[in-house]
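A.B. asks: the following block contains a protein sequence and its predicted model.
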Amino acid sequence: MKALVQRVSRAQVSTGGNVTGKIGKGLLVLAGFRGEDTPKELEWMVEKLTGLRIFPDENGNMNRSVKDISGQLLVVSQFTLHADIRKGKRPSFVKAADPETANILYRLFIQKIRDRNIPVAEGVFGAHMDVELTNDGPVTIMIDSPLDQTRFLQEKK
């Protein structure tokens with residue numbers, strides 16, 4: 001699993017002109033799933049995201065998590081995070097989970113966040129979406145699950 005995380009002061013996602021998810025201060029999470037991802041990896045990512053200390057404390061240091069600030073998450077599924085552009089100019093998405101598997105993983109991922117009592121807004125899986133955000137900082141972080149990190153190291157050998 002990969003997640004592109006942006007610290008935001010506000011974010012929303014729309015489909016067909018209708019807002020389907022909207023948050024104030026918190027994290028916009030673009031989430032990409034692989035077919036081999038497991039609930040264990042989703043749990044690892046949820047733990048990482050909800051504890052990630054990227055919000056400022058009273059001294060302006062990044063020392064608080066989304067939990068600490070009572071923030072929210074907006075989660076948008078984005079298979080393009082798994083694009084492979086090493087050959088040619090057209091991205092390959094063969095590493096991304098098939099739509100049925102990705103939807104199951106997406107739903108489970110959101111539920112695991114909600115289980116931690118963190119408010120979650122979401123996009124519409126598989127739909128064309130317009131995402132609007134105000135990136136606070138700007139702060140943007142790419143997170144690869146341990147399985148993705150292991151695969152990367154194996155591919156380099």
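C.D. replies: Now that the structure is in, tell me what you want to look at. Numbers count the residues shown, from 1 in each chain.
A.B. asks: surely residue 112 touches residue 40?
C.D. replies: No. Using C-beta atoms under 8 Å, residue 112 is not in contact with residue 40, being 11.0 Å away. In this view, the C-beta of every residue, glycine as well, is placed from N, C-alpha and C.
A.B. asks: who has more neighbours, those two?
C.D. replies: Between residue 112 and residue 40, counted using other C-beta atoms under 10 Å, residue 112 has the larger neighbour count: 18 against 11.
A.B. asks: ok, and the closest non-adjacent residue to that one?
C.D. replies: Nearest non-adjacent residue to residue 112, counting by C-beta to C-beta, 6 or more residues apart in numbering: residue 46, 4.6 Å away.
A.B. asks: same question for residue 56.
C.D. replies: Per C-beta to C-beta, 6+ apart, closest to residue 56 is residue 62, 6.2 Å.
A.B. asks: the one you found contacts residue 52, doesn't it?
C.D. replies: No. Applying C-beta under 8 Å as the test, residue 62 and residue 52 come out as separate, 9.2 Å apart.
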